[in-house]
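Asks: all I have is the shape, not the residue letters:
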Ligand SMILES: Nc1ncnc2c1ncn2[C@@H]1O[C@H](COP(=O)(O)OP(=O)(O)OP(=O)(O)O)[C@@H](O)[C@H]1O
């Protein structure tokens, strides 16, 4: 479903070249739920931006559902849902329900399918009390639930999440985690999850990839990553520190 083959992305900053992602290869099979970890500046968001076609790789190839996102951005957009926890994709001044209607029009979602999906998402994510509220007046937890809904209204096969639980309280985090687990289990949606919250990883991901300085440091199961140790935080700290040396 997701395939990177020696993908790289560099940026020219003044006279220097920053290799944000370097020679990165991995595949994510349909229906997998994969955690994508790395310290600040490791290249996670750059990878995600290449998956949605926002950034073109400077070397190698990136494929989503067999398509090149930078060349087929609109087609890929219909097959992928993306949530950037730090930024909303909703319209700031519009009531939430109007943002959803705009998404229906943009993605050309059939009116009946849209209704069924929206009703289900409103119920599961408990949105009914703030559907008429402008996005700018929503709390962070409410806004995040709105963003998740927006990402799923066109029933994408792939969901890419960049810090979807950032800044949320423990109850909101747990309800979002339960929701994501359900989307993956019931709809078979492939999920790639970037987070600095290791609780998200422990709760949701069987497989974990860790990158640092744009290169893969670890790709395996959570059990393999833990290798008999009891604290994921310690394991990850060791990996991040080793990468920095
Ligand atoms: N548009 C850009 N121009 C120049 N450098 C960039 C650009 N985007 C990212 N970078 C650099 O690429 C590297 C990887 O950044 P990226 O945002 O992908 O990291 P990240 O793993 O998502 O980090 P964080 O966890 O802090 O969000 C960093 O050194 C960053 O400064």
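Replies: Cool, got the structure. As the structure is a computational prediction, the values presented were derived from the model and not from experiment. Numbering: from 1, shown residues only.

Asks: around the ligand, which positions in this structure sit nearby?
Replies: 11, 13, 18, 20, 38, 40-46 (CB under 6 Å from any ligand atom). Every C-beta, even on glycine, is put in place using the N, C-alpha and C of the backbone.

Asks: closest to residue 31 among the residues you listed?
Replies: Within the residues of the chain next to the ligand, the smallest distance to residue 31 is 21.7 Å, found for residue 44 (CB to CB).

Asks: who are the neighbours in contact with the closest one?
Replies: Going by CB atoms under 8 Å, 6 or more residues apart in numbering, residue 44 touches 36-38, 162, 194, 211.

Asks: got the buried residues for stretch 132-146?
Replies: 133-135, 138, 141-146 (16 or more other CB atoms under 10 Å).

Asks: can I get those in JSON lines including secondary structure?
Replies: Formatted as JSON lines, the buried residues of stretch 132-146 follow (DSSP: H, G, I helix; E, B strand; the rest coil):
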{"residue": "133", "secondary structure": "coil"}
{"residue": "134", "secondary structure": "strand"}
{"residue": "135", "secondary structure": "helix"}
{"residue": "138", "secondary structure": "coil"}
{"residue": "141", "secondary structure": "helix"}
{"residue": "142", "secondary structure": "helix"}
{"residue": "143", "secondary structure": "helix"}
{"residue": "144", "secondary structure": "helix"}
{"residue": "145", "secondary structure": "helix"}
{"residue": "146", "secondary structure": "helix"}
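
Asks: mind giving me the packing neighbours of the longest helix anywhere in the chain?
Replies: Of all segments of type helix in the chain, defined using DSSP state H, the longest is helix 170-187. Other helices and strands packing on helix 170-187, by 3 or more CB pairs under 8 Å, 6 or more residues apart in numbering; DSSP states H and E, are strand 33-37, helix 140-152, strand 158-162, strand 190-194, helix 198-204.

Asks: for that helix, buried residues please.
Replies: Within helix 170-187, the residues that count as buried by 16+ other CB under 10 Å are 172-173, 175-177, 179-180, 183-184.

Asks: neighbouring contacts of it?
Replies: Applying CB under 8 Å, 6+ apart, the external contacts of helix 170-187 come out as 31, 33, 124-126, 141, 144-145, 148, 152, 155, 159, 161, 164-165, 168, 189-191, 193, 197, 199-200, 203-204.

Asks: since that was my last question, I'll sign off now.
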